[in-house]
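Chemist: after the sequence you'll find the predicted model.
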Amino acid sequence: MKLYIVTAFLLVLHIAAGKKERPPKSRETRGFWRDVGQKDLADAIKKYQKLNNNYARNSIVFIGDGMSLGTTVAGRIKTGQDQGGYGEEYMTNLDTMPHVGLAKTYSVDNQISDSASTATAILSGVKTDSGRIGVDHRGSSCWRSQQYRVKTALHHAIEQGKSVGVVTTTRIQHATPASAYAHSPTRFWYSDDNMSEAHKKFGCKDIAQQLYDLKDYIQVIMGGGRQHMVPRDEVPEGGKRKGKRLDGQNFIKMWKAEMKDRNGSYVHDRKTFEAIDVNTTDYLLGLFSDTEFYFKNQRKSKLLPSLEQMTEKAIGILSKNPKGYFLLVESGMIDKGHHQGRPGFALGEFQQLDDSLQKAREMTSEEDTLIITTADHGHVFTMGGKAKRGNPVLGVADERGSDDQYYTTISYGNGPGYKVNRDVKKNVHNYKYYQPIAAVPLAHESHSVEDTIIWSRGPHAHLLNGVHEQNYIAHVLFYAACLGPDNWHWEHCPQDASFMARDLQVNDLEENEELKDFYIENEETIFEGDSNVFVSHIH
């Protein structure tokens, strides 16, 4: 028995150290697996003997955009293999999170949802139609989107005097990050060039404008999307493309002027980012690309800060507030990799999320910080066939298909990888841009309907077990962190939880129901030109 325990201990050390020698499978006898199982059981018993019912002063939500279960498993194996192991036995930081649940991802109008509706559900506790941001399903026009707005964890945290931040590897105006702070009938109002004159006339604002309007309250903003912040005739600082805005506003210059005397800094590349001292910086605007980031596996990604580095910087700035903070971190390029049918890119972005999660866990205490990691939706990504243990995760199977051709263990249900005649090389795992076979030809691979996983740690994380509607995640977050007036009275909340730093007035406009009904009945006449916004090309 002692030999088996020592063997198991040595395997754990091997994995942690990332050694290049694989342990012999001959040691994995019944005694070995008995000891591994007993250790897992002991850990589970200890975990549930004392549940954490503390007040979550801080809360961090990680969203892996499109991070399906298959992505996490393939990512686990890939990470283990990158460190010299077989891969299957490896434990990612996600795998060591103590609580796990499942979320149902459909939107109000669609069986297979998009990032806007799902992120709105995760962050506000309200499901909506696909393509809508920060509104319930009735917010389909400009006027309606102002009537049926919803508050998110970010809004509630601001109202209670907490610091807040949004970090992403996509453009900061993209569906997931925008769902934290904006309200829009369509996710594609990145800047005012996508809006009609009627929509502007009736008071709607583009997403970049809404972000700038919250400049006094959002301490950390990091991602891409520079071109949506400046006019069409200007190139943003650090950028290569001219801007998109029609209204002539340069939000980067305006932000810098406003924050000059408030310890605010604007950064646009890795060099300026690394020069930031969190101790002397109270506001940080980091826009590192004109649109989205490069993939981690692309050489030019070295010019940008990693998601882990941005997470570390954000926590360093936000944690100075004694009232606590809320932080959203998105690894958004997982989704982009899958849409291109390039799993190598998607798995590299999964590794970025996992590294960022580790950094957050190192910098926080589970006694007062709730960390929730989940995905907004999945992808039609799958891994199967015949493969011996340790087979390269991006490689070919150990058998040929019935057509006597090699096939990769990874494939897609649809997407750009569709081929009539398959021709797969045995060393395909060395090809960075390779697209595995797809069953149905589509220009962009699609989302899936599968449930997403919820991993959590910290106060009240044990409530995120079982199968739930996706909007349930926000309600646990609000409860644990005492966010919003519905959650000030709980026993674990501090006495001053009801303190309102500022009312952002995000709820319905102050109009009585009779007047609102009149507007709805005569909507086409009163709000002429403000038609329902049809959101197409959702991905």
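Modeler: Happy to help now that I have it.

Chemist: mind checking the end-to-end distance for stretch 191-207?
Modeler: Terminal residues of stretch 191-207 lie 6 Å apart, using Cα to Cα, to the nearest Å.

Chemist: residue ranges in the chain under the pLDDT threshold?
Modeler: 1-21, 497-532, 534, 536-539 (pLDDT under 70).

Chemist: the closest residue to Val235 other than its chain neighbours: how many residues sit nearby?
Modeler: Spatial nearest neighbour of Val235, excluding adjacent residues (Cβ to Cβ, 6 or more residues apart in numbering): Lys242 at 5.5 Å. Backbone N, C-alpha and C define where each C-beta goes, glycine included. By other Cβ atoms under 10 Å, the residues close to Lys242 number 15.

Chemist: same deal with the one 3 residues further on?
Modeler: Neighbour count of Arg245, defined by other Cβ under 10 Å: 24.

Chemist: tell me who's in contact with it.
Modeler: Residues counted as contacts of Arg245 (Cβ atoms under 8 Å, 6 or more residues apart in numbering) are Ser191, Asp192, Asp193, Ala208, His228, Met229, Val230, Pro231, Arg232.

Chemist: closest one to His338 out of those, please.
Modeler: Here the nearest of the contacts of Arg245 to His338, counting by Cβ to Cβ, is His228; it sits at 23.9 Å.

Chemist: looks to me like the closest one is in a helix.
Modeler: Yes: under DSSP: H, G, I helix; E, B strand; the rest coil, His228 sits within a helix.

Chemist: ok, how many other residues are close to Leu123?
Modeler: Counted with other Cβ under 10 Å, Leu123 comes out at 27.

Chemist: so it makes contact with Lys151?
Modeler: No: Leu123 lies out of contact with Lys151 (Cβ atoms under 8 Å); the separation is 9.4 Å.

Chemist: quick one, phi psi at the residue nearest the centre of the chain?
Modeler: Centroid-nearest residue in the chain, with Cα atoms, centre = their mean: Ile63, separated by 2.3 Å. Backbone torsions for Ile63, taken as degrees, to the nearest 10, come to phi -120, psi 120.

Chemist: gap between it and Ile372?
Modeler: Distance, Ile63 to Ile372, by Cβ to Cβ, to the nearest Å: 9 Å.

Chemist: still on that earlier bit, just to be sure, the residue nearest to Val235 is in a strand?
Modeler: No: counting by three-state DSSP, Lys242 falls outside a strand, being coil.

Chemist: what residues are bridge-paired with Ala438?
Modeler: Tyr412 (DSSP bridges).

Chemist: OK, contacts around it?
Modeler: With Cβ under 8 Å, 6+ apart, Ala438 has these contacts: Gly341, Ser411, Tyr412, Gly413, Asn414, Gly415, Pro416, Gly417, Tyr418, Glu445.

Chemist: and the helices in the stretch 401-539 of the chain?
Modeler: With DSSP state H, counting those that start in this stretch, the ranges of helices along the stretch 401-539 of the chain come out as 472-481, 513-521, 523-526.

Chemist: what helices or strands is the first one leaning on?
Modeler: The reference is to helix 472-481. With contacts taken as 3 or more Cβ pairs under 8 Å, 6 or more residues apart in numbering; DSSP states H and E, helix 472-481 sits against strand 58-64, helix 115-124, helix 153-159, strand 369-375.

Chemist: and the ones you listed, which is most packed in?
Modeler: Highest mean neighbour count of the helices and strands packed on helix 472-481: helix 115-124, a mean of 30 (counted as mean count of other Cβ atoms under 10 Å).

Chemist: C-alpha coordinates for it, PDB please?
Modeler: This file holds the C-alpha atoms of helix 115-124, laid out as PDB (Å, rounded to 0.1, in the frame of the first residue of the first chain):
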ATOM      1  CA  SER A 115     -22.900  35.400 -26.700                       C
ATOM      2  CA  ALA A 116     -25.100  38.500 -26.200                       C
ATOM      3  CA  SER A 117     -28.100  36.700 -24.800                       C
ATOM      4  CA  THR A 118     -26.100  34.300 -22.800                       C
ATOM      5  CA  ALA A 119     -23.800  36.900 -21.200                       C
ATOM      6  CA  THR A 120     -26.800  39.000 -20.400                       C
ATOM      7  CA  ALA A 121     -28.300  36.000 -18.600                       C
ATOM      8  CA  ILE A 122     -25.000  35.200 -16.700                       C
ATOM      9  CA  LEU A 123     -24.400  38.800 -15.600                       C
ATOM     10  CA  SER A 124     -28.000  40.200 -15.000                       C
END
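
Chemist: next SSE downstream of that helix?
Modeler: Counting by DSSP states H and E, the next helix or strand C-terminal to helix 115-124 is helix 142-147.

Chemist: one step back: dump the contacts of Ala438 to CSV, plus distance to Val424 and neighbour count.
Modeler: Formatted as CSV, the contacts of Ala438 follow (distance: Cβ to Cβ, whole Å; neighbours: other Cβ atoms under 10 Å):
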residue, distance to Val424, neighbour count
Gly341, 14, 25
Ser411, 11, 20
Tyr412, 14, 24
Gly413, 18, 15
Asn414, 18, 19
Gly415, 16, 27
Pro416, 16, 17
Gly417, 11, 23
Tyr418, 14, 16
Glu445, 18, 30
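
Chemist: out of these, which are inside strands?
Modeler: Assignment to strands by DSSP state E places the following of these there: Ser411, Tyr412.

Chemist: list just the nearest of the contacts of Ala438 to Ala116.
Modeler: Nearest member of the contacts of Ala438 to Ala116, counting by Cβ to Cβ, is Glu445, at 18.5 Å.

Chemist: pull the contacting residues for that closest one.
Modeler: Applying Cβ under 8 Å, 6+ apart, the residues near Glu445 are 338-341, 379-381, 412-417, 438.

Chemist: again with Asp269
Modeler: Applying Cβ under 8 Å, 6+ apart, the residues near Asp269 are Gly238, Phe288, Leu303, Leu304.

Chemist: these two touch, right, the first one and Gly286?
Modeler: Read it as Gly238. No: contact criterion Cβ under 8 Å: Gly238 and Gly286 do not qualify, at 9.9 Å.

Chemist: distance of Arg241 relative to Lys336?
Modeler: Counting by Cβ to Cβ, the gap from Arg241 to Lys336 is 18 Å.

Chemist: compare the two (neighbour count), which wins?
Modeler: Lys336 (21 against 13).

Chemist: now that one, nearest residue through space, not along the chain?
Modeler: That would be Glu292: by Cβ to Cβ, 6+ apart, it lies 6.5 Å from Lys336.

Chemist: quick check: the one you found vs Pro305, distance?
Modeler: 14 Å.

Chemist: quick one: which of these two has more around it?
Modeler: Higher neighbour count among Glu292 and Pro305: Pro305, with 25 against 17, using other Cβ under 10 Å.

Chemist: which ones are touching the more buried one?
Modeler: Per Cβ under 8 Å, 6+ apart, neighbours of Pro305: Met222, Arg270, Phe273, Glu274, Gly286, Phe288, Lys313.

Chemist: doesn't it fall inside a strand?
Modeler: No: remark: Pro305 does not belong to a strand; assigned using three-state DSSP, it is coil.

Chemist: how about the strands in the stretch 401-539 of the chain?
Modeler: In the stretch 401-539 of the chain, strands defined by DSSP state E, counting those that start in this stretch lie at 406-408, 410-412, 447-448, 452-457, 466-469, listed in chain order.

Chemist: select, out of those, the one closest to Asp43.
Modeler: Once the strands of the stretch 401-539 of the chain are compared by Cβ to Cβ, strand 452-457 is nearest, at 13.5 Å.

Chemist: parallel or antiparallel, list what pairs with the closest one.
Modeler: Partners of strand 452-457, by DSSP bridges, with direction: strand 99-104 (antiparallel), strand 369-375 (antiparallel).
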